[in-house]
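> can't give you the sequence, but here's the structure:
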């Protein structure tokens, strides 16, 4: 049918080439075009969503080659209770980082699901995130459930491979064990305004630092956060936020050394309240980040803890005290970091980060009572120390799926010792094109 | 009583006054939505002509705009995959999720070219559904306009007549303009060019230009010194008439190659707003053709 039409049209054009007026030629051309379009419509491919029905699968490969003047195995942040997370520099020499496997898809018109598993170099699988998220709640509400990176702070929700430095800021390491990803529920509400205004609340089990997993009904930790953001002209975008995390740890235990160098167990029970103020500012000429761009990011943390501290060295064969002590414990500690990353030409970025923690005021009832252990028996909590770290990095990204980074740091996390670190890191991204958070 | 009637009247006419809120991913679709929607659509463009729609961030301002949108008009074919999915899931807006009526992909109505037989990232940032820069073929714009007008009519039934009338008027002007451009651009047929990214492929295929090479070694990979040297050497064998780049591309590599090869470097708008001449979709094509023809002289 179409062919006959085409033939007829072609014939018509061929037979009356001389007489045909411009207008007629135009008309015939139009008809031919229409037919061509109709034919094309038949051939039209159907645009498929995320890999038809298969979920989007992506894999991140990471690894480091590192040197450090101090042994990463005895890393500690003096003045702060160990957070039990993945803190400290990577192991010396060659080392595999966490390989992140991420699978996501819409479940149905109402829900979306995502899982990110970290395959650790110690041959373990860690579920970093596994959550459902509503798509159809409406009114600006989104509910998330499962295990997810908490919405508190700025960097907390960003996956490790998208960080601008190989490791987390000291404040994240000291106050959140690197990041906070509880099991629970999150409700977010986005205001219907041109200014980005978002509020969120989370309740969770409190399975990790600053809380500790307990067999108890009800929530072990909860948080509130609010973020605002927008553009300044076409070149600059910003976001700022304030967050609060409340946890009630019960027997949050860690091991420390007493004045004789013997291990003792200390444990904290009480309340832990953490405030985070965060901001990020991104600049690119006309908002086109492909050639040059700049990012400034900073966060301030303040934590108040109050409760009781237990001190027990009775498990040792030759204990100094041989009996358990308990006393009131209260601390107010803080920390902040500021980092800037500049892409000075396509593929190349350079960055600088400054970290500082303030061990603040600590009142330790066991020491105050004078009945047993003294400040020297609390190597970690009894030594006032303000850890600092300066980190510089340069990275090269041959494409948006690969990145190789050189990072140097001078780290005074341990009291009286400076750790000089150098590392080369690779980050490769396979599979589905993941979208990155702002 | 009279006030009551007035109130009821005002209330009943209220939905007609409320414009269809459209979130367009790129300026060309914002412009097309404006051709159809006129004053009964309120349109926001997520990107400007100097930005690369591949590499936009899911900025807070975009999430805030998507929150209130009735319709998202994007290219699809994974052009916006690096940011749009995040904007949509964080928007808390069920109307604009993929699969809903408020989510429109131009690629679903267009004829795609350069659909890869196999996809492998070793080929660069290739798109499984084909080259996503589909708006530079005016015939695609026409078919997208038709589909978009239908979608807008479904979403805003009260203004359906208004939208469809405007679409018919647009199609008439567009049809005539397309024929005019085809005639005006006859000298461009066979014109050999080097382009920056494979973002002019539809235009090149439509008017029969010849793409000899790209400044990017692979799609999405920035030009490297080694690749540019290789390209320059190959231009000795196959000379070109111009090195063409879009307004949003980095000028340095294109200018360098043009200078070395002693051919003009041509900046084309690529989308609405890319040059002063590209004020709307008509200006976009007119200016692109004029700039390329100027390079022939």
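Yep, it's here. Small disclaimer: the values here were computed from a predicted structure and weren't measured.

> find the closest residue to chain B in chain A.
residue A:229 (2.8 Å; CB to the nearest CB). Every C-beta, even on glycine, is put in place using the N, C-alpha and C of the backbone.

> tally of neighbours for that residue?
Residue A:229 is flanked by 23 other residues according to other CB atoms under 10 Å in any protein chain shown.

> strand partners of the strand or helix carrying it, parallel vs antiparallel please.
In the assignment (DSSP states H and E), residue A:229 maps to strand A:221-232. Applying DSSP bridges, strand A:221-232 is found paired with strand A:196-204 (antiparallel), strand A:236-247 (antiparallel).

> with respect to residue A:170, which of those lies nearest?
For residue A:170, the closest of the strands paired with strand A:221-232 is strand A:236-247, at 17.3 Å, according to CB to CB.

> after the closest one, which helix or strand is next?
Per DSSP H and E, the first helix or strand lying C-terminal to strand A:236-247 is strand A:252-257.

> can you give me the buried ones in that following strand?
For strand A:252-257, the neighbour count (16 or more other CB atoms under 10 Å in any protein chain shown) marks A:252, A:253, A:254, A:256 as buried.

> output those in JSON lines, with distance to residue A:417 and pLDDT appended to each entry.
Shown next, in JSON lines, are the buried residues of strand A:252-257 (distance: CB to CB, whole Å; pLDDT from 0 to 100):
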{"residue": "A:252", "distance to residue A:417": "26", "pLDDT": "94"}
{"residue": "A:253", "distance to residue A:417": "25", "pLDDT": "93"}
{"residue": "A:254", "distance to residue A:417": "20", "pLDDT": "92"}
{"residue": "A:256", "distance to residue A:417": "17", "pLDDT": "90"}
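
> ok, of these, which one's closest to residue B:43?
Among the buried residues of strand A:252-257, residue A:252 lies closest to residue B:43 (CB to CB), at 53.9 Å.

> isn't that closest one right up against residue A:266?
No - contact criterion CB atoms under 8 Å: residue A:252 and residue A:266 do not qualify, at 9.3 Å.

> what is in contact with the two at once?
Residues touching both residue A:252 and residue A:266 by CB atoms under 8 Å, 6 or more residues apart in numbering or on different chains: residue A:81.

> please name the nearest non-neighbouring residue to the residue of chain A closest to chain B.
In space, and not counting its chain neighbours, residue A:229 is closest to residue B:60: 2.8 Å by CB to CB, 6 or more residues apart in numbering or on different chains.

> I figured the residue of chain A closest to chain B hits residue B:57, correct?
No - assessed by CB under 8 Å, residue A:229 is found out of contact with residue B:57, at 11.3 Å.

> identify the contacts common to those two.
The overlap between the contact sets of residue A:229 and residue B:57 (CB under 8 Å, 6+ apart) consists of A:237, A:438.

> picking that back up, ok now do the residue nearest to residue A:229, which residues does it touch?
Residue B:60 sits next to A:196, A:198, A:227, A:228, A:229, A:230, A:237, A:238, A:239, A:438 when contact means CB under 8 Å, 6+ apart.

> let's see it at 7 Å
For residue B:60, the contact set (CB atoms under 7 Å, 6 or more residues apart in numbering or on different chains) comprises A:196, A:229, A:230, A:237, A:239, A:438.

> rewinding a little: any chance of the buried residues of strand A:252-257 in JSON lines, with distance to chain B too?
Output for the buried residues of strand A:252-257, formatted as JSON lines (distance: CB to the nearest CB, whole Å):
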{"residue": "A:252", "distance to chain B": "33"}
{"residue": "A:253", "distance to chain B": "38"}
{"residue": "A:254", "distance to chain B": "37"}
{"residue": "A:256", "distance to chain B": "42"}
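
> coming back round to it: okay, the residue of chain A closest to chain B and residue A:239: tell me how far apart.
Between residue A:229 and residue A:239 the computed distance is 3 Å (CB to CB, to the nearest Å).

> okay, the residue nearest to residue B:50 when sequence neighbours are not counted: pLDDT?
Once flanking residues are discounted, residue B:50 sits nearest to residue A:286: 4.1 Å by CB to CB, 6+ apart. Residue A:286 is assigned 93 on the pLDDT scale.

> great, nothing more from me.
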